[in-house]
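> sharing a model that was predicted from the sequence below.
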Amino acid sequence: MQWIKKWDVETRCIASLRIFLFLVFNGMLIILPAQEFTLLSWNIQDLGQSKDDGEIRSIAEIINEFDIIAVQEVVAKDPRGAQAIAQIADELNRMGDRWDYRVSDPTHSPSAHISERYAFFWRASKIQLIGRPYLDRELAHACYREPYLGQFRLKAGGTPFHVVNFHSRTYDDQPEDEIAHFIHYQNRLASELVFLAGDFNLSEDHPVWSPFYELGYQPSIFATPTTLKRKCSGSNYLNHSIDNIYYDEDVVELHLSGRVDFVKDCELLEIRRGLSDHLPVFLECSVN
């Protein structure tokens, strides 16, 4: 009887294989690609004003591990900000893959001192930009630095998604008054696939996020300091929990998230602060 059972299993396997091959050859089998990607957000302090060639190279080495990068605090008052973005892209393209980027116009801010640019980088071999990223003029009156919006999709196929790239006003100037407007993005963009990425100058436990959580949003990191102190306190060089990426857990499956600690040692704090006074934050996810 054992050989009969074995033959029966083998017969069913062969039959299943024949059905599979029939569907493939006749174009009747649809295989949905996995929509997995990584997204990183980084406030790169004074980018275009205070970075030498070695620091630009170090920045590129850090972000090269990810698929889409949202950058805040690109200098707007002269061309050096946009030039630094182009220089980072050149460094990325020397590392063995194809990269593309876009940099925003200066934000419509109350003063030139407050105005900045944003940027997106993406791994062009994997990620496709849809349309053209743009500053959200509808929020120019409500935000000191209106968000920069980009729409992307995986080249393997799948549902497009939006990334809202944002740098809020300072923590003592009620950034929650700006963030409250973001609750409308899913309706405005007609999509639940909206990631909110940036430096929000307040933590994920602030009450302004409560309506977002009711909609299904979640922060990618919790109680995780992302800014650097000027000096170590004991062995601690980390300060405020203000950088994050928010995603809708109803349509996004989170696989991994965290911060990229490029300091790691108090003795390196001073030199590492040359890159930025913020650590990058990231998530790895798939889109439903």
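Structure's in. What do you need?

> C-alpha only now, for contacts and for neighbours.
Will do.

> which SS state does Ala142 fall under?
coil (DSSP: H, G, I helix; E, B strand; the rest coil).

> likewise the one 4 residues further on?
Secondary structure of Glu146, reduced to three states by three-state DSSP: coil.

> for the closest residue to Ala142 other than its chain neighbours, helix, strand, or coil?
Of all residues not flanking Ala142 in the chain, Glu178 sits nearest, at 6.1 Å (Cα to Cα, 6 or more residues apart in numbering). Glu178 carries the three-state label helix when classified by three-state DSSP.

> and Glu178, how close does it get to Tyr118?
17 Å (Cα to Cα, to the nearest Å).

> neighbour count winner among those two?
Tyr118 (31 against 20; other Cα atoms under 10 Å).

> which secondary structure element contains that one?
When elements are assigned from DSSP states H and E, Tyr118 belongs to strand 116-123.

> for that strand, packing partners?
In terms of contacts (3 or more Cα pairs under 8 Å, 6 or more residues apart in numbering; DSSP states H and E), strand 116-123 is packed against strand 68-75, helix 80-93, strand 99-103.

> buried ones in stretch 76-94?
76-77, 80-93 (16 or more other Cα atoms under 10 Å).

> and what of stretch 179-193?
179, 185-186, 192-193.

> quick one: name whatever helix or strand follows the worst-scoring helix or strand of the chain on mean pLDDT.
Sorting the helices and strands of the chain by mean pLDDT, DSSP states H and E puts helix 2-25 at the bottom, at a mean of 42. Moving toward the C-terminus from helix 2-25, the next helix or strand (DSSP H and E) is strand 36-47.

> next, the angle strand 68-75 makes with the helix or strand just after that following strand.
Per DSSP H and E, the first helix or strand lying C-terminal to strand 36-47 is helix 53-63. Here the directions of helix 53-63 and strand 68-75 differ by 150 degrees (axes from the mean of the first three to the mean of the last three Cα atoms, to 10 degrees).
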